[in-house]
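>>> Fold the following and give me the result.
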Amino acid sequence: MRKTTVRPLVFIPVLAILLGVPALSAAARIQGQITNGTTNRPLTGQKVELISPQGGMAVVGEATTDAHGRFAINNGQINTRGFYLLQATYESVDYHAPVKFDANGNALAGITVYDSTHNKPALRATSARVIVRAEGTQAHVQDLFAIDNPLRRAYADSDGTFFFHIPPQIKKPTVAVAGLMNMPLPQTAEKGKSPGDFYINYALKPGLTVVMVAYDTDYQDKISLADSIPYPIDRAQLFVLPVDLAVTSKLFTPAGKDAESGSQKLEAQKLAAGAPLAAEVSGEAAAASQPASEQQEQTVKVVPDSVSAVGIPLLLCFLLVLLWALGIRIAKEYPRWKAKQQGSPVQKKFQAKMETLLNSIADLDELFSAGKLPEKQYWKERLELKAKAVAILKREPSRKPPGLAARKTNQ
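The predicted structure is shown next:
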């Protein structure tokens, strides 16, 4: 049996790769109100910050709410064509809202916060998805759970808020939650009391929170699934690729072929808390994919999904996660690497290509934030551009951003 491995993945934060800074506007005014969703009352004396993802999540403005929960931020250095987030931290929980400017440089934005509680609510999963892709000698597994918090309070507990169980041989799964605009927010998986038990400390706000768990394990023509969560599940689905793999399960029943991903689909209803998502998948795996360094500028087409709605299955979800993982590394390391590599004609040409791609992504983000681009088209084009940027960086292995190789070996 080959040793089980887990792909070290990191997820990209909201729109963090915007590197170019357009011309500044003459003036900008952002006003709004912060409301406590637990009491339905305005929140007095609450600090609110204006954050620039384009500037590395830097705080570019702040204000404090008045007796009516209202605030105003006036700043002539704000680019009204850019993308900004409002952030309010209430009872140690962060809340965000996007900012959209009108033609006059004004913006209205509001944030709803909630009281926090350490008392465990009656959590349940309105939907659970297990996506299995057998490739070469590995099986890539991703679980997606739409967890419903029925309280009008945020559930926060340092001893864990969301718990899950995966195969005991998996030592370090990748975990994220879907944040604002469905961007995955990375979470640290803490080990539970027994092998295979893990938990995260993410504060579960009222309503749905989508939690994503991913891991790789050995595939020797067969894999047994038994992942579980200690909450009841209204509906569970299993998606398997390649489509001709055999699936044996007392829980899941065949539901045909998924039209979007081309995978084999199975379903189950009304699972009790702790019930394993049990199935056995067997058969010949797909050929191992081409290494990223050899793919270069191949276009990767991914049909994105509204994760928070838990709608259409994520097409090629693991490839999507990999693109996010590489994207954040580009965002963090590229500016420093660029400064060190300027000078040679080769590097100038290389730099120009990267600048063009990054500026294209920035333009795309601005169109989307202004409501001028449909969400499906936005995500499709954005991921294609990012895939090209990743491929360009991969073409020059000796020119990788500093620290990237070291990080890979240390993870």
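>>> all strands of the stretch 201-350 of the chain, in order?
If DSSP state E, counting those that start in this stretch is used as the criterion, the strands of the stretch 201-350 of the chain fall at 207-218, 222-227, 233-241, 246-248, 253-257, 264-271, 277-282.
>>> Which one, of the ones you listed, ends up nearest to Ala88?
For Ala88, the closest of those is strand 207-218, at 17.5 Å, according to Cβ to Cβ. All C-beta atoms are positioned from the backbone trio N, CA, C, and that covers glycine.
>>> And the closest one, what's buried?
Of the residues in strand 207-218, those scored as buried under the neighbour-count criterion (16 or more other Cβ atoms under 10 Å) are 208-217.
>>> what do you get for stretch 77-91?
Buried residues in stretch 77-91, counting neighbours by 16+ other Cβ under 10 Å, are found at 78-88, 90.
>>> same deal with stretch 33-41?
Within stretch 33-41, the residues that qualify as buried by neighbour count (16+ other Cβ under 10 Å) are 33-38.
>>> Average pLDDT for it, rounded please.
Across stretch 33-41, the average pLDDT comes to 96.
>>> How about stretch 279-290?
For stretch 279-290, the per-residue pLDDT values average out at 87.
>>> Could you do stretch 96-114 as well?
Averaging the model's pLDDT scores along stretch 96-114 yields 91.
>>> Look at that stretch and report the distance between its end residues.
Chord length of stretch 96-114, first to last residue, is 12 Å (Cα to Cα, to the nearest Å).
>>> cool, and stretch 195-206?
With Cα to Cα as the measure, the first residue of stretch 195-206 is 30 Å from its last.
>>> mean confidence score for it?
Mean predicted lDDT for stretch 195-206 stands at 96.
>>> Keep only those of the buried residues of stretch 77-91 that are in helices.
Among the buried residues of stretch 77-91, none falls in helices (DSSP state H).
>>> circling back to that earlier point, could I get the strands of the stretch 201-350 of the chain as a markdown table with distance to Gly61?
Below are these laid out as a markdown table (distance: least, Cβ to Cβ, whole Å):
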| stretch | distance to Gly61 |
| --- | --- |
| strand 207-218 | 28 |
| strand 222-227 | 44 |
| strand 233-241 | 42 |
| strand 246-248 | 54 |
| strand 253-257 | 50 |
| strand 264-271 | 47 |
| strand 277-282 | 46 |
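>>> so how far is Ala387 from Gly179?
As for Gly179, its distance to Ala387 is 22 Å (criterion: Cβ to Cβ, to the nearest Å).
>>> if you count what's nearby, which of those two comes out ahead?
Neighbour comparison, Gly179 and Ala387: the larger count goes to Ala387, with 25 against 19 (by other Cβ atoms under 10 Å).
>>> any idea which element the more buried one lies in?
Here Ala387 sits within helix 375-394, counting by DSSP states H and E.
>>> what about the chain, any weak spots by pLDDT?
1-27, 54-55, 76, 289-351, 366, 368-371, 375-376, 390-411 (pLDDT under 70).
>>> The residue nearest in space to the middle of it pairs with what?
The central residue of the chain, meaning the one whose C-alpha is nearest the mean C-alpha position (Cα atoms, centre = their mean), is Pro184 at 1.3 Å. Using DSSP bridges, the beta-bridge partners of Pro184 come out as Ala178.
>>> Could you verify my assumption that it touches Val211?
No - between Pro184 and Val211 there is no contact, the gap being 10.1 Å when judged by Cβ atoms under 8 Å.
>>> joint contacts of the two?
Shared contacts of Pro184 and Val211, defined by Cβ atoms under 8 Å, 6 or more residues apart in numbering, comprise 176-177.
>>> And the helices in the chain?
Going by DSSP H, the chain shows helices at 292-295, 317-341, 345-369, 375-394, 404-410.
>>> what residues are up against Phe162?
Phe162 touches 123, 145, 147, 199-200, 202, 204, 209, 211, 229, counting by Cβ under 8 Å, 6+ apart.
>>> Apply 10 Å and report the result again.
Taking Cβ atoms under 10 Å, 6 or more residues apart in numbering as the contact definition, Phe162 lies against 123, 145, 147, 155, 175, 177, 187, 198-202, 204, 209, 211, 213, 229-231.
>>> Which among those count as buried?
123, 145, 147, 155, 175, 177, 187, 198-200, 202, 204, 209, 211, 213, 229, 231.
>>> Lys193: neighbouring residues, count only.
Using other Cβ under 10 Å, Lys193 is surrounded by 6 other residues.
>>> scratch that, Ser224 is what I was asking about
The number of residues packed around Ser224, counting by other Cβ under 10 Å, is 13.
>>> Show me what the spatially closest residue to it that is not a sequence neighbour bridges to in the sheet.
Once its chain neighbours are removed from consideration, Ser224 has its nearest residue in Glu280; the separation is 5.1 Å (Cβ to Cβ, 6 or more residues apart in numbering). Beta bridges link Glu280 to Ser224, Thr248, judged by DSSP bridges.
>>> tell me the contacts of Glu280?
If a contact means Cβ under 10 Å, 6+ apart, then Glu280 has 222-226, 246-249 as its contacts.
>>> quick one: it and Leu50, what's the gap?
Relative to Leu50, and taking Cβ to Cβ, Glu280 is found at 52 Å.
>>> Can you list the buried residues in stretch 253-273?
258, 261, 263-266, 268, 271.
>>> Let's have those in TSV, adding distance to Ala67.
Shown next, in TSV, are the buried residues of stretch 253-273 (distance: Cβ to Cβ, whole Å):
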residue	distance to Ala67
Asp258	53
Ser261	52
Ser263	55
Gln264	59
Lys265	54
Leu266	56
Ala268	52
Leu271	48
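>>> which of those lies closest to Ala103?
Distance from Ala103 was checked for each of the buried residues of stretch 253-273 by Cβ to Cβ. The minimum falls on Ser261, at 41.0 Å.
>>> Walk me through the domains of this protein.
Per automatic domain parsing, the domain ranges recorded for the chain read 29-113, 124-288, 318-410.
>>> residues near the nearest residue to Pro121 once chain neighbours are set aside, how many?
Across the structure, with Cβ to Cβ, 6+ apart as the measure, the residue nearest Pro121 apart from its sequence neighbours is Leu151 (4.6 Å). Number of residues near Leu151 (other Cβ under 10 Å) recorded here: 19.
>>> how about Leu151, what does it touch?
With contacts defined as Cβ under 10 Å, 6+ apart, Leu151 is in contact with 38, 114-115, 117, 119-123, 204-207.
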